[in-house]
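Chemist: okay, sequence plus prediction incoming.
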Amino acid sequence: MRHFFDPAIYRAILFDQRGCGRSKPNASVEANTTQHLLGDIEKIRRALGIDRWILFGGSWGAALALLYAQMHPDRVAGMVLRGVFLLSSDELQWFYQGGAAKFWPSEWEHFVEPFSETERSDVIAAYHARLFNGDIQEEIAFAHRWFRWESTLATLADAGEREVPAVYARTFARLECHYFKNGGFLDYDGQILDGASLLDGIPGVIVQGRYDMVCPPAAAYELSRRWKGSQLKIVSASGHALTETNIQAELLRVMDGMKRNLDSMGL
């Protein structure tokens, strides 16, 4: 992550959200909601004595950045978002209820293979029941299926099957499924987009892959349309993943260009 930020200019602060990375306990969802995470971000800002900062986040991180900025606009000097995710039911329906499956039918069939037709009517709930059933080996097996579905669709080029350690897959799947089953713990569906006007005056750049199968560009477009002061940069021949060459190059250009505007941002 750090290579996006020139160390001579930027002070990069990265944190592991509750339940993952170096945060303990691993894969735990106890006291783990969007409100907890937003509170953690603000605690970090205060603990480090930062008055205002630039938010940089992709996908789930973009959703958190947007919610934080809507809650604390006076603390946000600017935003750089990638692969925008608005935590809406439409986005979850697209990815987990058959929309993306029309482009990846064999992968979708593997994803939902363990479930009956009845369970397939709510795939997130079906996975939640397996990922939290207390049988660690079964949780790991279903976690690998969950991870494989997302990682396969995240890049435009076929990257092949990616193997990850069991502990990583289980953490990844449990946390995502926990948040998605609970609608991101938002007050209502569409909350982030409705709050776009709260971002007016905050400069922002949205970097979005043209062929993003995980978070389709429609959400980024609608956000940019409602958020005065934002720029939408559609990256051709690119999907969702931060690891994609064109996405990385655009983010580096954005952060390099932002260096010239720090004075006007009050930083």
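Modeler: Okay, I see it.
Chemist: C-alpha from now on. contacts and neighbour counts both.
Modeler: Will do.
Chemist: where do the strands of the stretch 51-200 of the chain begin and end?
Modeler: Remark: strands assigned in the stretch 51-200 of the chain by DSSP state E, counting those that start in this stretch are 53-58, 76-82.
Chemist: what is the mean pLDDT for the longest one?
Modeler: It stands for strand 76-82. On average, the pLDDT along strand 76-82 is 97.
Chemist: longest helix anywhere in the chain?
Modeler: Secondary structure assigned by DSSP state H gives helix 136-153 as the longest helix of the chain.
Chemist: determine the set of other helices and strands touching that helix.
Modeler: The criterion is 3 or more CA pairs under 8 Å, 6 or more residues apart in numbering; DSSP states H and E, and the helices and strands that helix 136-153 contacts are helix 105-112, helix 123-131, helix 166-181.
Chemist: as JSON lines, these with mean neighbour count would be great.
Modeler: JSON lines is the format used below for those (neighbours: other CA atoms under 10 Å):
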{"stretch": "helix 105-112", "mean neighbour count": "16"}
{"stretch": "helix 123-131", "mean neighbour count": "20"}
{"stretch": "helix 166-181", "mean neighbour count": "20"}
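Chemist: same question for the longest helix of the chain: list its buried residues.
Modeler: With burial defined by 16 or more other CA atoms under 10 Å, the residues of helix 136-153 counted as buried are 139-140, 142-153.
Chemist: follow-up on the earlier one: among the strands of the stretch 51-200 of the chain, show me which one is buried the most.
Modeler: A comparison of the strands of the stretch 51-200 of the chain by mean neighbour count, using mean count of other CA atoms under 10 Å, puts strand 76-82 on top with a mean of 23.
Chemist: so where's the stretch 151-267 of the chain shaky on pLDDT?
Modeler: Low-confidence segments of the stretch 151-267 of the chain, defined by pLDDT under 70, span residues 158-161.
Chemist: please enumerate the helices of it.
Modeler: With DSSP state H, counting those that start in this stretch as the criterion, the stretch 151-267 of the chain has helices at 166-181, 191-194, 217-226, 245-258.
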